[in-house]
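**Q** Predicted model and sequence below, questions to follow.
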Amino acid sequence: MATERKLMIVDDEDSIRELLSKYFSDAGFLVRTAPNGEEALNISKDDNIQVYYLDLLLPKMNGVELCRKIRKARPTAFLFAMTGYASVFDLVQCREAGFDDYFTKPLKLDLLLHAANDAFTKLERWRKGG
């Protein structure tokens with residue numbers, strides 16, 4: 001039996017959360033969403049989520065800080081950065097925080113789907129030991 005393919009989308013823009021939630025749900029994923037880092041951490045604490053899409057420009061706790069906290073709690077999780085402000089958060093800072101990949105807005109949905117499918121394929125292979 002395949003493991004549940006749960007992912008989380010963290011973005012303070014309702015329209016982005018709704019669009020991505022519908023897109024990934026239609027593709028067969030179980031989707032959780034949060035408008036900020038604090039709520040994302042609360043949900044993640046009680047739910048075995050292994051793939052995350054984090055907006056970098058979030059209120060209170062930015063996506064880089066959130067990535068570091070999730071990476072510490074879930075070292076095997078896949079974390080993907082999303083930003084419309086590529087100059088504010090550079091790729092080096094994102095990699096150092098623990099992001100696995102970096103997507104700029106406007107988002108290309110097919111690339112996000114490919115990244116999620118690849119992440120879950122790797123997780124399943126790792127679980128099977130090879």
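**A** On my side now, so go ahead.

**Q** hey, let's count contacts and neighbours off CA atoms from now on
**A** OK.

**Q** where in the protein is pLDDT low?
**A** The model of the chain has pLDDT under 70 over residues 1-3, 87-89, 130.

**Q** tell me the contacts of Thr83?
**A** Thr83 is in contact with 55-57, 102-105, counting by Cα atoms under 8 Å, 6 or more residues apart in numbering.

**Q** do Ile9 as well
**A** Contact analysis of Ile9 by Cα under 8 Å, 6+ apart lists 17, 20-21, 31-34, 52-54.

**Q** In terms of helix, strand or coil, where does it fall?
**A** When classified by DSSP: H, G, I helix; E, B strand; the rest coil, Ile9 comes out as strand.

**Q** now, which of the contacts of Ile9 lie within helices?
**A** Secondary structure defined by DSSP state H assigns 17, 20-21 of the contacts of Ile9 to helices.

**Q** Just send these back as TSV, with distance to Gln93 too.
**A** Converted to TSV, the ones in helices among the contacts of Ile9 look like this (distance: Cα to Cα, whole Å):
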residue	distance to Gln93
Arg17	24
Leu20	25
Ser21	27
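
**Q** For Asp110, state which of those residues is nearest.
**A** Of all the ones in helices among the contacts of Ile9, Asp110 sits closest to Leu20, with 11.2 Å by Cα to Cα.
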